[in-house]
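Asker: Provide a 3D model corresponding to the input given below.
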Amino acid sequence: MRITHAKLSGLAPIGRGKRRVTICAELGTPNEFLNITVDVPGMGTEVEVCERGIERAKVFARQFAELSAEVFPCSDDAPKRFSDRG
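Answerer: Sure, this is the predicted structure:
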């Protein structure tokens, strides 16, 4: 896995001086990737804000990795909100 880029957006919708950072990581092939979007304090340079975003995304990735598969709605009874986009 490698981080391909971190994109810094404008102020987060919640405001309060936070910036939105989207981190994209390639998982093994160019067709497999993971995006994590986080809000972080917007003070400092753009590089510092992106670095804070990457650190926050790492925390979320660790928490995601620790989740049990049982918490994901993968059964036929699960809402289809992710697959029924049309």
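
Asker: tell me the strands in this structure, going along the chain?
Answerer: 2-11, 18-26, 33-41 (DSSP state E).

Asker: Could you tell me how many residues sit around the residue nearest to residue 17 when sequence neighbours are not counted?
Answerer: With sequence-adjacent residues excluded and distances taken as CB to CB, 6 or more residues apart in numbering, residue 17 is closest to residue 42, at 5.0 Å. C-beta coordinates here come from the backbone N, C-alpha and C atoms, glycine included. Residues near residue 42, counting by other CB atoms under 10 Å, number 20.

Asker: hang on, residue 42 packs against residue 49?
Answerer: Yes. Counting by CB atoms under 8 Å, residue 42 touches residue 49, with 5.9 Å between them.

Asker: which residues do these two both contact?
Answerer: Shared contacts of residue 42 and residue 49, defined by CB atoms under 8 Å, 6 or more residues apart in numbering, comprise residue 19.

Asker: is it possible to export the strands of the chain to a markdown table including mean neighbour count and distance to residue 57?
Answerer: Formatted as a markdown table, the entries for those read as follows, by neighbours: other CB atoms under 10 Å; distance: least, CB to CB, whole Å:
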| stretch | mean neighbour count | distance to residue 57 |
| --- | --- | --- |
| strand 2-11 | 12 | 8 |
| strand 18-26 | 19 | 5 |
| strand 33-41 | 16 | 4 |
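
Asker: which stretch among those strands comes nearest residue 61?
Answerer: When the strands of the chain are compared by CB to CB, strand 33-41 sits nearest residue 61, at 6.7 Å.

Asker: Dump the C-alpha coordinates for that closest one into CSV.
Answerer: The C-alpha trace of strand 33-41 is given here as CSV (Å, rounded to 0.1, in the frame of the first residue of the first chain):
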residue,chain,number,x,y,z
PHE,A,33,-7.6,2.1,-3.9
LEU,A,34,-8.9,3.5,-0.7
ASN,A,35,-9.9,7.1,-0.1
ILE,A,36,-10.3,8.6,3.4
THR,A,37,-11.6,12.1,3.9
VAL,A,38,-11.0,13.8,7.3
ASP,A,39,-11.4,17.3,8.8
VAL,A,40,-8.4,18.7,10.6
PRO,A,41,-7.4,22.1,12.1
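
Asker: Cheers, nothing more for now.
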